[in-house]
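Novice: Here is the input, now give the coordinates:
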Amino acid sequence: MGSETGTDAAPILVDVRSPGEFASGHVEGALNLPLDRLQIDAPKALPDPTAEVLLYCLSGARSQMAMVWLQQMGYTGARNGGSVGMVAMQMGRAIQRN
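Specialist: Numbers count the residues shown, from 1 in each chain. Just a heads-up that it's a prediction; the model follows:
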């Protein structure tokens with residue numbers, strides 16, 4: 001795990017569920033940008049539109065919608081990770097509860 005280039009960096013994890021759902025269990029290190037505020041909050045929370053952004057929710061449906069919106073806003077690295085459990089497993093990170 002070197003730091004030769006920016007492309008080797010881990011993606012920014014974004015949980016698009018509600019704050020209550022986020023508090024009940026989210027992937028360690030994830031940002032909470034609820035779907036209903038995503039288009040308003042993304043420019044401040046995600047200032048680099050070329051960064052890799054991995055979105056997730058409960059099942060993957062809301063994160064799919066978020067991915068489409070972000071791509072329409074110019075976020076070239078946005079992709080849908082699916083469910084919270086899938087992303088935690090894929091990234092090798094724990095589920096945190098607030």
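
Novice: Pull the number of nearby residues for the residue nearest to residue 29 when sequence neighbours are not counted.
Specialist: Closest residue to residue 29 apart from its sequence neighbours, by Cβ to Cβ, 6 or more residues apart in numbering: residue 13 at 6.0 Å. (Glycine included, C-beta is placed from N, CA and C.) Residue 13: 21 surrounding residues under other Cβ atoms under 10 Å.

Novice: Same question for residue 11.
Specialist: The number of residues packed near residue 11 is 16, by other Cβ under 10 Å.

Novice: how close does it sit to residue 54?
Specialist: Per Cβ to Cβ, to the nearest Å, residue 11 is found 4 Å from residue 54.

Novice: Can you report phi and psi for residue 38?
Specialist: Backbone torsions for residue 38, taken as degrees, to the nearest 10, come to phi -50, psi -50.

Novice: Hmm, residue 23 and residue 95 touching each other?
Specialist: No - counting by Cβ atoms under 8 Å, residue 95 stays clear of residue 23, with 11.8 Å between them.

Novice: Please enumerate the strands of the chain.
Specialist: Assigned by DSSP state E, the strands in the chain fall at 12-15, 26-27, 31-32, 53-57, 78-83, 95-96.

Novice: centroid residue for this structure?
Specialist: Centroid check for the chain by Cα atoms, centre = their mean gives residue 14 as the closest residue, at 2.0 Å.

Novice: low-scoring pLDDT stretches of the chain, where are they?
Specialist: 1-8 (pLDDT under 70).

Novice: so where's the longest helix in it?
Specialist: Secondary structure assigned by DSSP state H gives helix 61-72 as the longest helix of the chain.
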